[in-house]
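Colleague: pasting the sequence and the predicted coordinates here, then a few questions.
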Amino acid sequence: MKNPLITREGYESLKEELDYLWRVERREVTAKVTWAASLGDRSENADYQYNKKRLREIDRRVRYIRKRLDELKVVDYHADQAGKAFFGAYVVLVDDDCNKMEFRIVGVDEIYSNKGYVSINSPAAQACIGKAIDDEVEIHTPKGKKIWYIDDVSYSE
């Protein structure tokens, strides 16, 4: 099962996507399907076939989001988290060669549309959880382990 954690922003974004798909895009595509169907032969009607396929994709995504919203647990920032990397944190890591890695630790539902976001389940996030600025972080990757140091932790952009 997917991790049920999500940031407040991620939850609101999913709700907005659901609203847009259901109230705007689905209506537009349904109108196109109706129009294309009125032209007659549906077997060779590309507009009909494409929009019918798109309608199924929209319905599938709507079902998924509705189900997922019921399962999710919104995690808000708490003052006890200050200075340490926990869920929702923006983290900056540096290595001995002064290379930087910046990311935000979020839920699995948030990583696809946001650059610089990593899943709470990722090796980098797991290594950082509970650590503070200047702490050493060992990240295991397919290329081996690498040592980084936490340069900054914040909870707002």
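Modeller: It's in.
Colleague: give the other helices and strands that the lengthiest helix in the chain contacts.
Modeller: The longest helix of the chain (DSSP state H) is helix 46-71. In terms of contacts (3 or more Cβ pairs under 8 Å, 6 or more residues apart in numbering; DSSP states H and E), helix 46-71 is packed against helix 8-20, helix 26-37. In this view, the C-beta of every residue, glycine as well, is placed from N, C-alpha and C.
Colleague: so which bits of it are buried?
Modeller: Neighbour counts over helix 46-71 (16 or more other Cβ atoms under 10 Å) mark Tyr48, Asn51, Lys52, Arg54, Leu55, Ile58, Arg61, Val62, Ile65, Arg68 as buried.
Colleague: between the helices and strands packed on helix 46-71, which gets nearest to Lys115?
Modeller: helix 8-20 (14.2 Å; Cβ to Cβ).
Colleague: for Ala36, give its distance to Arg104.
Modeller: Plainly put, Ala36 is 42 Å away from Arg104 if you go by Cβ to Cβ, to the nearest Å.
Colleague: out of the two, which sits in the more crowded spot?
Modeller: Shown here are Ala36 and Arg104; by other Cβ atoms under 10 Å, Arg104 has more neighbours (22 against 18).
Colleague: burial count for Arg8?
Modeller: By the measure other Cβ under 10 Å, the count of residues near Arg8 is 12.
Colleague: per-residue pLDDT, it?
Modeller: On pLDDT, Arg8 comes in at 94.
Colleague: which ones are touching it?
Modeller: Arg8 makes contacts with Val74, Val75, Asp76, as judged by Cβ atoms under 8 Å, 6 or more residues apart in numbering.
Colleague: ok, the buried residues of helix 46-71 vs Lys143, which is closest?
Modeller: For these, the nearest to Lys143 is Arg68 (33.1 Å; Cβ to Cβ).
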